[in-house]
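In: the following comprises the amino acid sequence and a computationally predicted model.
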2 protein chains.
Amino acid sequence: MKISGYIIDLFKKEIYKGCIKIKENIIEDVVIENNSEERYIVAGLIDSHIHIESSMLVPSRFAEAAVKHGTVAVVCDPHEIANVLGTDGVEFMIDNGRKVPLKFFFGAPSCVPATSFEESGAKIGIRELRKLLAKDEVKYLSEMMNFPGVINDDREVIRKIKIAKEMNKPVDGHAPGLRGEKLEIYIRAGISTDHESISLEEAREKIEMGMKIQIREGSAARSLDSMHCLLAENPEKLMLCSDDLHPEMLEKGHINLLVKRLLALGYDIFDILRIAIVNPVEHYGLDAGMLRKGDKADFIVIDNPAEFNVEETWIEGKKVYDGKNVSFESPVVRPVNNFNSGIINGDDIAVRQKKGKVRVIDAVDGELVTGTYEWTIPGAGGMLKCDTGKDILKIVVKDRYKDSDPAVAFIRGFGLKSGAFASSVAHDSHNIIAVGADDLSICTAINRIVDMKGGLVVCNKGDCSEIQLEVGGIMSDVPCGTMAEKYKKLTDLVQDMGCKLKSPFMTLSFMALLVIPELKISDKGLFDGNKFEFVGLYI
Amino acid sequence: MKISGYIIDLFKKEIYKGCIKIKENIIEDVVIENNSEERYIVAGLIDSHIHIESSMLVPSRFAEAAVKHGTVAVVCDPHEIANVLGTDGVEFMIDNGRKVPLKFFFGAPSCVPATSFEESGAKIGIRELRKLLAKDEVKYLSEMMNFPGVINDDREVIRKIKIAKEMNKPVDGHAPGLRGEKLEIYIRAGISTDHESISLEEAREKIEMGMKIQIREGSAARSLDSMHCLLAENPEKLMLCSDDLHPEMLEKGHINLLVKRLLALGYDIFDILRIAIVNPVEHYGLDAGMLRKGDKADFIVIDNPAEFNVEETWIEGKKVYDGKNVSFESPVVRPVNNFNSGIINGDDIAVRQKKGKVRVIDAVDGELVTGTYEWTIPGAGGMLKCDTGKDILKIVVKDRYKDSDPAVAFIRGFGLKSGAFASSVAHDSHNIIAVGADDLSICTAINRIVDMKGGLVVCNKGDCSEIQLEVGGIMSDVPCGTMAEKYKKLTDLVQDMGCKLKSPFMTLSFMALLVIPELKISDKGLFDGNKFEFVGLYI
């Protein structure tokens, strides 16, 4: 088979009239020729770091959406499913991903469970790690979030890194704000990438010390605006990634949107494509083609190098997207799960009213960090109720693995005037988390999730709406468009109930993320992230 | 008087314990000394390019708000008031600004009127320009928007530039998208700044060719995210500006917010302050102090160089802001105006229904550019009414200078389900512009503006709300907070009527800006900005 047009050659850094010859799944040859085709042929795009689970889609459904944007490969860290199901979860991802053309390359999760202060579904220890890293699909040890562990020479942490190095697999970093001597120790331990830099200056320092920086644009964090200058300075040290992509964002675009924005800023197309394609392939040793003779026939057809609109996507010699339709079908998915929670009732989440001060979590729109608000309770007796006038609502976390009693606290910033909403997507352990204005709505929402064994639920005045997440309680086997629509509907409902947050389910999902201060809640109770210890509800 | 703390020395590029000694309005000395003050003293911030009129506040009211953010001087182009009142308008600005401590430096408007295709309130010709440029307060020839005129060697345009050069005053540029040879001609003509670059690459090219770039963050356009890298490359070639600041944005911050963002990105504080202070002072030859012995005592006190929170602002040796209150009062303002429009009635804006196709302006949220939508009218007879189901509304522009008949057309994208809103802020000539769902509401809104001789009005089902702009029909003598609140209220009302635009009054004000394509409307009729000619309502 022969495809003609302009060839965008990433290595010669030239664009010329020519054709590629494909034999089975291989580029047999790339030839200069005259032709009248006005299309441009270029290697396919790569996301260098993503948690597929944030799309709430299984990998095969993620693939359907991603190939429409010119993505041919993703480097993904199955950290979320691993927290729920351990290596079984990772194997589900590998197995499901293998059934579609998009190339999934995996990391072996380095930090499961994330902390010992919450009930988690699984542990990935040394033995499990060794098993995972031995797999061909597993290309690296994923983001080493436990950077204090690295710096303090924690035995198990260092061992994990050592195993990866012995197997010649790189180790991904995750070190927001780490600088100077500590950063040096972290890098010397063998960690070679980072996608968490807070400032441009920090990213520059990391590059100077030898790291590669993954510029991130996703649903939870965006750094292209602050970091793009690095492309003029060190194109060889950069990659592009999304980290987390909610379904409505994935529906609109992927790495192609970053390429478009960098082109609009006036960067050189070969520098842009280097960080979007060449660098991840070389860093992680990916089996993804880059349009050279003998490469896998993974490429895309675009309208022109200025607009960069994707017209076709090809993977291993097959046209998987023709500008309108995706050629493959998502396989039948047999859901895996780890969900043992029973239902709760009002008594389980009632809080006795005492005179004194209550620690209230202060949530901030779009932030992972929270504050503490001190709520003065004037008198004792009876039960302590939410105060919607002051925007003080109840927050509940229910362990879904051992079915122990729920933890209850109060929270400010969600703005609900009535009802409740709940989710079994709650970083990092994915227990059930709910915020609401009254106990009945909260119980109804949580029990609906228990019923479905995972999902998102909004309940108000007796009416409930929901998304079932039947795979691990965090993903589902539906098309991206369907998920995006449902997710928007639930978000609208929560906002109609008075919530002013831009992305209420995302903010909710961070309220149990203990490693980010100041006040959070796990299934075991209120947690002070500065002191790294549990604290009482009353001060 | 002596003030102690840390001194941030912009020229030695050092921060040291010391004090400044002030005698009257002058820094008598800057001395190294030990003291226990934890505050930092630094020269005050400067906006290098702003149209004060966009705040809808007279300069003295603008000053009250700006000094709270550490601004000590602004370089302003009185282009809007000049379009209404010519040199009288400019003189009003100079005179009013002189009555408050904030330092206003002015440009002589280069392009008044902006086009000959609309009724304008005044013309600034060669004679007027010479008179303005001779004034001490007038530091430069303001933005030369007529770049085709420069490139095509238009006699009057070239003469204007020549006059400024002869008087040793720099000429500001305004050349979006201009590159290569044409840019070279533009620069060679004597134009030395630009704040309109579309891409980073374009800004780089302009710098390479010798221009200075003003990084802009304002209500209408924002380029800090795309351009900040230039600070690492060429700090000597940059300045900061806002260009346009609506009252609610001015209420929140000014150049201080840009400084904070650049600090958060990790740029060197001396580079940041160079572009926020030193470069505008040197480029425009401003009489603003930079904390050297003998300088005017213009400076600010901040909490620390990392947070950059402004605690005090001093101008010419007087504390004009103490962290809570502003020390000066805005003077009594005697409004100037140029407003001769009579009221209109339904007959004036009725449109006869004919079979055929109507040219409809297609407005886009947040964009100055519009499109053309072709609206098919199936049958003739009677009057052509708005179709809110299709979001086709009526747009009317009424000349406010000669009181000629209004121009009427149709527009899509505003989303009103009922009512109308109108404004006498309409770039560049500031005639009256209105969009509405029915003729009665449109007439009521326009007539209310005529009654007030300028302002913003929203009318729906017989109820009207308004802001009077008694100065030139574009500014008012009220505190910034009051204006911000009123402006938000009117915006909310328009949105409650179904409008989905983020900033409906801003979008409305651009619909008569003929120089930006594709389809616009002046008081003389529908205008095709690509062909640069009037077109009929029916195709």
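Out: Great, that's in hand.
In: how about the residues of chain A by chain B?
Out: By the rule Cβ under 8 Å from any Cβ of the partner chain, the part of chain A lying against chain B is A:199-202, A:204, A:225-226, A:228-229, A:232-233, A:264-267. The C-beta positions use only the backbone N, C-alpha and C, and glycine is treated the same way.
In: show me which of these are buried.
Out: A:199-202, A:204, A:225-226, A:228-229, A:232, A:264-267 (16 or more other Cβ atoms under 10 Å in any protein chain shown).
In: now, among the residues you listed, which is nearest to residue B:514?
Out: Checking these against residue B:514 by Cβ to Cβ gives residue A:264 as the nearest, at 26.0 Å.
In: ok, the closest one - contacts?
Out: residue B:199 (Cβ atoms under 8 Å, 6 or more residues apart in numbering or on different chains).
In: same thing with the one 3 residues further on?
Out: Under the criterion of Cβ under 8 Å, 6+ apart, the contact partners of residue A:267 comprise A:228, A:231-232, B:200-201.
In: what score does residue A:517 have for pLDDT?
Out: At residue A:517, the predicted lDDT confidence score is 88.
In: my guess is it contacts residue A:527. True?
Out: No - the criterion here is Cβ atoms under 8 Å, and residue A:517 misses it with residue A:527 at 9.4 Å.
In: between the two, which one's more packed in?
Out: Ranked by neighbour count (other Cβ atoms under 10 Å in any protein chain shown), residue A:517 and residue A:527 place residue A:527 first, with 26 against 17.
In: adding pLDDT, write the buried ones among the residues of chain A next to chain B out as a markdown table.
Out: Converted to a markdown table, those look like this (pLDDT from 0 to 100):
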| residue | pLDDT |
| --- | --- |
| A:199 | 90 |
| A:200 | 93 |
| A:201 | 93 |
| A:202 | 94 |
| A:204 | 95 |
| A:225 | 95 |
| A:226 | 93 |
| A:228 | 96 |
| A:229 | 94 |
| A:232 | 93 |
| A:264 | 94 |
| A:265 | 93 |
| A:266 | 92 |
| A:267 | 95 |
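In: give me the subset of those residues that lies in helices.
Out: Taking DSSP state H as the definition of helices, these contribute A:200-202, A:204, A:225-226, A:232, A:264.
In: and those, which two are the farthest apart?
Out: Pairwise over those, using Cβ to Cβ, the maximum falls at A:202 and A:264, 25.5 Å.
In: go through chain A and flag its longest strand.
Out: As assigned by DSSP state E, the longest strand anywhere in chain A is strand A:14-23.
In: can you show me the CA trace of it as PDB?
Out: In PDB, the C-alpha atoms belonging to strand A:14-23 read as follows (Å, rounded to 0.1, in the frame of the first residue of the first chain):
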ATOM      1  CA  GLU A  14      12.200  18.600   6.400                       C
ATOM      2  CA  ILE A  15       8.900  18.600   4.700                       C
ATOM      3  CA  TYR A  16       8.800  17.300   1.200                       C
ATOM      4  CA  LYS A  17       6.500  15.700  -1.400                       C
ATOM      5  CA  GLY A  18       6.700  12.000  -1.200                       C
ATOM      6  CA  CYS A  19       5.000   8.800  -0.300                       C
ATOM      7  CA  ILE A  20       5.200   6.000   2.300                       C
ATOM      8  CA  LYS A  21       5.000   2.400   1.300                       C
ATOM      9  CA  ILE A  22       3.400   0.100   3.800                       C
ATOM     10  CA  LYS A  23       3.700  -3.700   4.000                       C
END
